[in-house]
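Participant: Next come a sequence and a model predicted from it.
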Amino acid sequence: MCVKAIAGKVRSGFPSAIATGKRAIAARVRSGFPPEQRDRAARSFAGNISGGAALEFALVAPLLIMLLFGVFAFGWSMNADSSVRYTLEASARSLQLNNTLSQSAIQSIATQKLQSLGLQNINVTIATDPASNGFRMAHVTATYSYVINFPYFSNYPINYSTTVNVPLVN
């Protein structure tokens, strides 16, 4: 390997330049970024007073909050629909056990079960088919309206209707 001194500078050949470059890369990897680059990045991040991030947050946050409330309200309406369906099935089982129950009795059974959930204004109707092959079919239908309220927007009503078919033995 040849090393030449030229006016106070050391000039090395190719193999030692690779070794020097490897040492520089290793030193850079150990310390992350050079100190001046780290300081510049920290100053630009902490000292950014242009307000770009605040503006983006101000534009996006209301939409994300509305999306969050919308998902919650829609989930609550699906829970209400499931509760009405479950109560209707329980009322239909009561009708199956006691064929003489009237529509008002079924309505009161359903209302009693749903009041604990805070659901009201559920309309329950019963339609029975004529007797065929020794039994009748009863169709118990519940209709329910759920209104989703969005701030600054009009109300969004969702109307549910579910039917349970019950065989009634004569």
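Facilitator: Cool, got the structure.

Participant: Can I get whichever helix or strand residue 143 is part of in CSV? Just the C-alpha atoms.
Facilitator: Taking DSSP states H and E as the criterion, residue 143 maps to strand 135-148. The C-alpha trace of strand 135-148 is given here as CSV (Å, rounded to 0.1, in the frame of the first residue of the first chain):
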residue,chain,number,x,y,z
PHE,A,135,-102.6,-26.2,13.3
ARG,A,136,-102.7,-22.5,12.5
MET,A,137,-99.8,-20.1,11.8
ALA,A,138,-99.6,-16.9,13.7
HIS,A,139,-97.5,-14.1,12.2
VAL,A,140,-96.4,-11.7,15.0
THR,A,141,-95.0,-8.4,13.6
ALA,A,142,-93.3,-5.6,15.4
THR,A,143,-92.6,-2.2,13.9
TYR,A,144,-90.3,0.3,15.5
SER,A,145,-88.9,3.7,14.5
TYR,A,146,-85.5,4.7,15.7
VAL,A,147,-84.3,8.3,15.0
ILE,A,148,-80.6,9.0,14.8
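
Participant: May I see the buried residues of the helix or strand that that strand is followed by?
Facilitator: Following the chain from strand 135-148 toward its C-terminal end, the next helix or strand by DSSP H and E is strand 156-169. Across strand 156-169, burial judged by 16 or more other Cβ atoms under 10 Å covers 160, 164, 166. Using the backbone N, CA and C atoms, a C-beta is placed for each residue, glycine as well.

Participant: Please convert those to a markdown table, extending it with pLDDT and distance to residue 116.
Facilitator: As requested, these are exported to a markdown table (pLDDT from 0 to 100; distance: Cβ to Cβ, whole Å):
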| residue | pLDDT | distance to residue 116 |
| --- | --- | --- |
| 160 | 86 | 19 |
| 164 | 90 | 20 |
| 166 | 88 | 23 |
